[in-house]
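S.K.: structure of the sequence below:
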Amino acid sequence: MMRTVQWLNENQYRRYPIVEDADMRLASVADPTTFFALPDDVFLDLQLVSYTQRDGLLYLQQIDVSATDVVVTIRYQQRGAMTMEDFQVLLPAAPAVPYRTRTSSSTYSLALVLGEGVNTLAQWPVGVYRPARVIEFEPALLVYQGRHRVITLQGTAAGSVPVAGDVYFEEGYNVQIRVEPATRIVRVVPVVGAGAGFPCQRLEPLRPFCDAVLLLLNGTYADGHGNFQLHGGRGVEIIPVPAEHEVRIRTATEPADIDCGGQLA
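M.R.: Below is the predicted model:
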């Protein structure tokens, strides 16, 4: 059967956004022989925006009715694959209709408008209900949007705060920013001498502010490349251990080097 979405929109008895010939019965999980009919005016409008997939199946997964609220689960499944994502919409008790809500993830955004039928759902006995057959939403409601504007940035570190508006990145000491237009990726990578170069100015006061960086050793600063040259003198051995980020200093005295003033050691 060929469906004309525009005609369904103009039909006051439409079932849109659910496909016209869908079986609207839902069975109780506790008692599969008990069915309830999903009212035509539960869903008034629905749109799923996908940032990764161009095509898929959008359908009603289940309805959970409790003593205080109703939870509607809508599932999106890629065609020909087992990859799927569930969207749960919590309906408050006696919501003002039309009730508009939106939920999103890193790859999808679901906008939903519900009507008077949601009050009928709240009258169903407490329990979980699943469609007797697949209750599918119109394919025209799936929108693919591979390119979209970044509104905010949120860091993953503890204490990070969102950054909104235009964001400007500036290279610091030993940091390089690489922009990859083909993949629309910005990479921040450490490169010796990149960006602002090497920090050459001395810190005042002379007390280091970061325990993880060696800035000063016995009043001597590192060279322009941030290096210290350590040389072992008589009886002292310098052992670098790069794997453990350590420099070990130990005595290396031979018996012949011991001077006891003419006495036996």
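S.K.: where exactly do the helices run in this protein?
M.R.: With helices called from DSSP state H, the chain shows them at 5-10, 117-121.
S.K.: weakest of those by average pLDDT?
M.R.: If the helices of the chain are sorted by mean pLDDT, helix 5-10 sits at the bottom with a mean of 50.
S.K.: ok, Arg133 to Asp23 distance?
M.R.: Distance of Arg133 to Asp23, given as C-beta to C-beta, to the nearest Å: 4 Å. Every C-beta, even on glycine, is put in place using the N, C-alpha and C of the backbone.
S.K.: which one of those two is surrounded by more residues?
M.R.: Set side by side, Arg133 and Asp23 show more neighbours around Asp23, with 13 against 10, by other C-beta atoms under 10 Å.
S.K.: is it true that Val118 touches Arg100?
M.R.: No - shown here, Val118 and Arg100 do not form a contact pair, counting by C-beta atoms under 8 Å, at 11.9 Å.
S.K.: pick out whichever of the two has more residues nearby.
M.R.: Comparing Val118 with Arg100 by other C-beta under 10 Å, the one with more neighbours is Val118, at 22 against 13.
S.K.: tell me how many other residues crowd the nearest residue to that one once chain neighbours are set aside.
M.R.: Computed as C-beta to C-beta, 6 or more residues apart in numbering, the closest residue to Val118 that is not its neighbour in sequence is Leu91, at 5.5 Å. If you count neighbours by other C-beta under 10 Å, Leu91 ends up with 21.
S.K.: so where is the stretch 151-265 of the chain shaky, pLDDT-wise?
M.R.: By pLDDT under 70, the low-scoring segments of the stretch 151-265 of the chain are 151-152, 154-157, 199-217, 219, 221-226, 252-265.
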